[in-house]
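Chemist: build me a model from this:
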Amino acid sequence: MPPALRAFVDADLPALVAINDGAYPAVPITPADELAGLIASSRLTLVVDDGAVAGFIVALAPGLDYASENYLWFSARSSDFLYVDRIVLAPRLQGQGVGPRLYAAVDDVARVDGATEITCEVNVRPPNPGSLAFHTRLGFVEVGRQQTKGGTTEVALLARPVAGTHS
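Modeler: All right, here's what the predicted structure looks like:
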């Protein structure tokens with residue numbers, strides 16, 4: 001049976017922090033209070049549950065007071081997007097179709113909101129070739145690059161049309 005995708009509940013937070021921080025440097029180390037704040041302001045947070053919390057996705061609508069350099073870049077470019085701040089899966093679930101299921105749920109919300117594109121970023125320094133290949137398979141294309149975190153990180157800024165729309 002495939003893992004369940006379900007809504008976040010507060011009791012999930014410690015497991016999400018552990019999964020998130022275990023994926024460093026692909027995603028930043030994030031203290032529990034900061035991750036809880038991000039989830040509270042999200043348009044969509046889904047948890048992957050295969051009997052234990054095994055991953056999550058957090059998507060943000062435009063117009064938030066959120067200081068992420070990447071979110072701000074997309075906000076300056078458009079107000080017609082749903083931004084995936086992070087997607088993290090436990091290694092045991094990678095390559096099993098869970099990531100595309102998570103993005104399909106993001107597409108569903110984006111269609112309801114009338115957004116025309118899904119946006120995200122992937123590290124190119126330090127490199128994250130697995131995530132870049134995954135996002136390319138899902139139809140994302142690079143729309144920009146920027147250095148973040150004082151020049152210690154470089155990201156490819158990615159976007160793709162919302163699936164099921166004709167934009």
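Chemist: what's the first helix or strand after the longest helix anywhere in the chain?
Modeler: Taking DSSP state H as the criterion, the chain has its longest helix at helix 98-113. Beyond helix 98-113 in the direction of the C-terminus, DSSP states H and E gives the next helix or strand as strand 117-125.
Chemist: how far off centre is the following helix or strand past that next one?
Modeler: Following strand 117-125 in sequence order, the next helix or strand is helix 129-137 (DSSP H and E). Relative to its parent chain, helix 129-137 has a centroid offset of 13 Å by CA atoms, centre = their mean, to the nearest Å.
Chemist: swap in stretch 88-105?
Modeler: A distance of 11 Å separates the C-alpha centroid of stretch 88-105 from that of its chain, computed with CA atoms, centre = their mean.
Chemist: with just CA atoms, put it into PDB.
Modeler: As requested, C-alpha coordinates have been extracted for stretch 88-105 and formatted as PDB (Å, rounded to 0.1, in the frame of the first residue of the first chain):
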ATOM      1  CA  VAL A  88      11.600  16.300   1.800                       C
ATOM      2  CA  LEU A  89      11.200  12.600   1.800                       C
ATOM      3  CA  ALA A  90      12.900   9.900   4.000                       C
ATOM      4  CA  PRO A  91      15.400   8.000   1.800                       C
ATOM      5  CA  ARG A  92      13.300   4.900   2.000                       C
ATOM      6  CA  LEU A  93      10.600   6.500   0.000                       C
ATOM      7  CA  GLN A  94      12.700   8.300  -2.600                       C
ATOM      8  CA  GLY A  95      12.100   7.000  -6.200                       C
ATOM      9  CA  GLN A  96       8.700   5.400  -5.300                       C
ATOM     10  CA  GLY A  97       6.400   8.000  -6.800                       C
ATOM     11  CA  VAL A  98       5.700   9.900  -3.600                       C
ATOM     12  CA  GLY A  99       7.200  13.200  -4.800                       C
ATOM     13  CA  PRO A 100       5.000  13.400  -7.900                       C
ATOM     14  CA  ARG A 101       1.900  12.600  -5.700                       C
ATOM     15  CA  LEU A 102       2.900  15.500  -3.500                       C
ATOM     16  CA  TYR A 103       3.300  17.800  -6.500                       C
ATOM     17  CA  ALA A 104      -0.100  16.700  -7.800                       C
ATOM     18  CA  ALA A 105      -1.700  17.900  -4.600                       C
END
